[in-house]
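Colleague: Need coordinates for the following:
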Amino acid sequence: MAALVVAVLAAAVLAGAEAQCPAPSALRTVNGTRICAQLYADNSPYYNECCAGPVLVVDPNSDVPYMPHGWAARTSSLVVGTRCELTVWSRAGKKGASRRFTSGAVPRLQEVRRGLFSSWDDAIRGYYCKCN
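Modeller: Sure thing, here's the model as predicted:
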């Protein structure tokens with residue numbers, strides 16, 4: 001019986017591991033318009049507290065070589081909508097290292113490698129987002 005309770009609790013914890021990040025299919029405005037991606041300023045060591053803080057909403061076909069005021073090198077979590085693709089750059093003007101993210105949630109960009117010794121946490125300085 002105790003093993004069953006532990007298994008159920010472990011499954012509940014794992015199921016809620018990314019609870020804070022919205023599902024890619026849920027990226028829509030209040031009027032139902034599709035959102036390509038959402039960038040978040042905050043993450044946490046706890047996955048259920050990621051995708052928090054200020055949010056930058058990215059519309060389909062957004063081509064932004066320079067991040068909006070206050071967003072350069074600030075993104076710590078992101079979610080890319082269904083059938084969408086977000087390409088990011090580490091330097092303004094769409095220069096430097098680049099990375100393509102497809103549909104899904106990335107609650108901790110510090111776990112996504114950018115080169116040998118760095119990560120994508122607080123590194124995005126330009127992006128292009130497209131949806132099919």
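
Colleague: Can you list the low-confidence ranges for this protein?
Modeller: In the predicted model of the chain, residues 1-19 satisfy pLDDT under 70.

Colleague: would you list every one of the strands in it?
Modeller: 37-42, 52-58, 62-64, 77-91, 95-106, 113-114, 118-119, 126-131 (DSSP state E).

Colleague: and Arg28, which of these is closest to it?
Modeller: Comparing the strands of the chain by their distance to Arg28 (C-beta to C-beta), the top pick is strand 77-91, with 8.3 Å. For glycine as for every other residue, the C-beta is placed from the backbone atoms N, C-alpha and C.

Colleague: Check the offset of the closest one from the chain's centre.
Modeller: Between the centre of strand 77-91 and the centre of its chain there are 7 Å (C-alpha atoms, centre = their mean, to the nearest Å).

Colleague: So which residue is smack in the middle of the protein?
Modeller: The centroid of the chain falls nearest to Leu78 when counting by C-alpha atoms, centre = their mean (1.0 Å).

Colleague: ok, what's across the strand from that residue?
Modeller: When bridges are called by DSSP bridges, Leu78 pairs up with Leu39, Val106.

Colleague: pretty sure it contacts Arg108?
Modeller: No: at 10.2 Å, Leu78 does not count as touching Arg108 under the criterion of C-beta atoms under 8 Å.

Colleague: State the distance from the residue nearest to the centre of the chain to Leu116.
Modeller: 22 Å (C-beta to C-beta, to the nearest Å).

Colleague: Verify the contact between Ser90 and Ser98 for me.
Modeller: Yes: under the criterion of C-beta under 8 Å, Ser90 makes contact with Ser98 at 7.4 Å.
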